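Enquirer: I would like to see how this sequence folds:
(chains A and B)
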Amino acid sequence: MKSMLIILFSAMLTNNFVLSKFMGICPFLGVSKKLDSAAGMGAAVTFVMVCATLCTYPVYTFLLAPFGLEYLKTVAFILIIALFVQLIEMILKKKIPSLYSSLGVYLPLITTNCAVLGVTILNIDNGYTFGESIVDALGAGLGFTLALLIFSGVRSRVERADIPETFKGVPATLIAASIVSVSFMSFSGMVEGIFG
Amino acid sequence: MFEAYILPVLIFAVMGILAGVLLTAASKIFEVKSDLRTDEVNEALPQVNCGACGYSGCSDYAKAIVEKGEKTNLCKPGGAASAEKISSIMGVSADEAEKAIAVVRCSADCTSKQKSFEFEGERTCVNAKRFYGGMWGCKYGCFGQGDCARVCPSDAIVVKDGLARVDKSKCIGCGMCEKVCPNDIIEIRKAVPTADVLCRSKDMGKAVKAVCSKGCIGCKICEKQCEFDAIHVTDNLASVDHEKCTACGKCAAKCPVKVITISKV
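Expert: Numbers count the residues shown, from 1 in each chain, chains lettered A, B, ... in the order given. Okay, the predicted model is just below:
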């Protein structure tokens, strides 16, 4: 149980995919303009991460590894991730069309979101068990959502601030992102200290 | 042989087929019925995606027409033809579509305007403006670096001798040039017979004369000539009321600096 909590919180905070591993920067910058679309995107990515891990882990351990086909894991994982992204796109289009249109192109882009592929592959590389992998994926998804939510707040302030013309738009956003990322570094060692 | 080559292919084929079946089933379950007219309306639009209608693209506008009952005559590039088509698809009467046209409100080419300095930067108007408001003596006129020509979707603008020129037969009135021009010298107006004052300088006559031989000096001769109260000088610059102007040509004939042109179409 303790190790599960450590995995969950370190995936969320210390090893945050966006802010310390720099994966999934594209949706991080693209969808963080509005709070509700940021929350929606975070939920979508979390869903895809958990579902993809649910499938990729058994596929890897029971289909690929026994036959020495580990080298094909990237291809297989992308196939599975694409499947879930398609599914979630259909569901959103049907159930929450407003969220569907506000996510726009970033929704199909989850397919090639390296954070999702990163979670599934890192789970294998770290030698996690099935349960640990799920928890790690959940933590990574929640961490992604957290980063997106925090940053959408930061960004709404940055956009209203009076900044020099040269830095307006993307440069100011990137600077703000790096400061938020630095702030997340302060979590290092904390999770192990609390649960370890 | 089997394990190394055929098995991976088999595994991936089965996985692919499974995924395909699952997605097909899901697409049936979560099917969203879209209004077929949206596609039809979209096809009737010219697909320039200029944004002159106020929507972010042709497909957005098509959606607004079908779902919100937006007016059918907002498409400037498509003009009357596409308005008619859309109206017949939607089953509403077509309002008169207003054709618009771009007018470059500057008439000074290289030979008639003074240069303050040589501009060696990147050849865009936005850049030229940034540098002391441009290299020309007149700070109101055309930079001639062709930002407008580059965004024009119908190749209607060419820059010749340091002045942007609009080919009226090609111009679709989308207004993209108006948006990029850093000096706001491009005006989108209704394509009606009217006079145009091709100058934007609000400086006093003497200051205009010093830097440009084709600038409005605010002499008010045109104002006195006009029988229809259509042309007025404010802030040392003549401007035409296109509603009142009949394109009679009297102002243009008497203008001492020849900045007034008459367009008959």
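
Enquirer: Chain B contacts on chain A?
Expert: Taking C-beta under 8 Å from any C-beta of the partner chain as the criterion, the neighbours of chain B within chain A are A:59, A:63-64, A:67-69, A:72, A:75-76, A:79-80, A:82-83, A:86-87, A:90-91, A:93-95, A:97. C-beta: built from backbone N, CA, C; applies to glycine.

Enquirer: Now the buried members of the residues you listed.
Expert: Buried members of those, counted by 16 or more other C-beta atoms under 10 Å in any protein chain shown: A:59, A:63-64, A:69, A:72, A:76, A:79-80, A:82-83, A:86-87, A:90-91, A:93.

Enquirer: hmm, back to that, among the residues of chain A next to chain B, which are in helices?
Expert: Counting by DSSP state H, the part of the residues of chain A next to chain B found in helices is A:75-76, A:79-80, A:82-83, A:86-87, A:90-91, A:93-95, A:97.

Enquirer: CSV for these, including pLDDT and distance to B:Arg200?
Expert: Output for these, formatted as CSV (pLDDT from 0 to 100; distance: C-beta to C-beta, whole Å):
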residue, pLDDT, distance to B:Arg200
A:Val75, 89, 60
A:Ala76, 89, 63
A:Leu79, 89, 60
A:Ile80, 89, 61
A:Ala82, 89, 54
A:Leu83, 88, 59
A:Gln86, 87, 54
A:Leu87, 86, 57
A:Met90, 86, 53
A:Ile91, 85, 55
A:Lys93, 82, 49
A:Lys94, 84, 53
A:Lys95, 84, 53
A:Pro97, 80, 46
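
Enquirer: dump the residue contacts of the residue nearest to A:Met41 when sequence neighbours are not counted.
Expert: Closest residue in space to A:Met41, ignoring its immediate chain neighbours: A:Val31 at 4.3 Å, by C-beta to C-beta, 6 or more residues apart in numbering or on different chains. Listed by C-beta atoms under 8 Å, 6 or more residues apart in numbering or on different chains, the contact partners of A:Val31 are A:Ser37, A:Ala38, A:Met41, A:Leu103, A:Tyr106, A:Leu148.

Enquirer: Neighbour-wise, which one of these leads?
Expert: Sorting the contacts of A:Val31 by how many neighbours each has (other C-beta atoms under 10 Å in any protein chain shown) puts A:Met41 first, at 28 neighbours.

Enquirer: Test my guess that that one contacts A:Gly104.
Expert: No: judged on C-beta atoms under 8 Å, A:Met41 makes no contact with A:Gly104 at a distance of 10.1 Å.

Enquirer: in the lowest-mean-pLDDT helix or strand in chain A, what's buried?
Expert: Between all helices and strands in chain A, the lowest mean by mean pLDDT, DSSP states H and E belongs to helix A:97-103, at a mean of 77. Neighbour-count burial for helix A:97-103 flags A:Leu99, A:Tyr100, A:Ser102, A:Leu103 (criterion: 16+ other C-beta under 10 Å).

Enquirer: Grab the nearest non-local neighbour of the second one.
Expert: Excluding its sequence neighbours, the residue lying closest to A:Tyr100 (C-beta to C-beta, 6+ apart) is A:Leu92, at 4.4 Å.

Enquirer: wait, isn't the one you found in contact with A:Ser102?
Expert: No: applying C-beta under 8 Å, one finds A:Leu92 not in contact with A:Ser102, separated by 10.2 Å.

Enquirer: low pLDDT regions in chain B?
Expert: Regions of chain B meeting the criterion pLDDT under 70 cover residues B:34, B:94-98, B:265.

Enquirer: I'd like the domain boundaries of chain B, if you could list them.
Expert: Annotated domains of chain B cover B:36-90, B:99-191, B:192-265 [automatic domain parsing].

Enquirer: Okay, and the residue nearest the centre of chain A sits in which element?
Expert: Centroid-nearest residue in chain A: A:Phe144, 4.1 Å away (criterion: C-alpha atoms, centre = their mean). Using DSSP states H and E, A:Phe144 sits within helix A:130-160.

Enquirer: helices and strands around that helix, which ones?
Expert: Packing partners of helix A:130-160 (3 or more C-beta pairs under 8 Å, 6 or more residues apart in numbering or on different chains; DSSP states H and E): helix A:2-9, helix A:25-30, helix A:35-58, helix A:114-125, helix A:170-185.

Enquirer: just to revisit the earlier point, output the domains of chain B in JSON lines, with distance to chain A and mean neighbour count appended to each entry.
Expert: Shown next, in JSON lines, are the domains of chain B (distance: least, C-beta to the nearest C-beta, whole Å; neighbours: other C-beta atoms under 10 Å in any protein chain shown):
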{"stretch": "domain B:36-90", "distance to chain A": "10", "mean neighbour count": "19"}
{"stretch": "domain B:99-191", "distance to chain A": "10", "mean neighbour count": "18"}
{"stretch": "domain B:192-265", "distance to chain A": "24", "mean neighbour count": "18"}
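
Enquirer: now those in TSV, with distance to A:Ile110?
Expert: Converted to TSV, the domains of chain B look like this (distance: least, C-beta to C-beta, whole Å):
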stretch	distance to A:Ile110
domain B:36-90	23
domain B:99-191	33
domain B:192-265	49
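
Enquirer: which one of the helices and strands packed on helix A:130-160 has the lowest average pLDDT?
Expert: Among the helices and strands packed on helix A:130-160, helix A:25-30 has the lowest mean pLDDT, at a mean of 84.

Enquirer: So for A:Val48, what's the nearest residue that isn't a sequence neighbour?
Expert: Nearest to A:Val48 is A:Phe84, by C-beta to C-beta, 6+ apart, at 4.9 Å.

Enquirer: and if you look at B:Ala44?
Expert: Per C-beta to C-beta, 6+ apart, closest to B:Ala44 is B:Lys85, 4.0 Å.

Enquirer: so can I have CSV of the helices and strands packed on helix A:130-160 showing distance to B:Asn49?
Expert: Formatted as CSV, the helices and strands packed on helix A:130-160 follow (distance: least, C-beta to C-beta, whole Å):
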stretch, distance to B:Asn49
helix A:2-9, 46
helix A:25-30, 20
helix A:35-58, 23
helix A:114-125, 30
helix A:170-185, 23
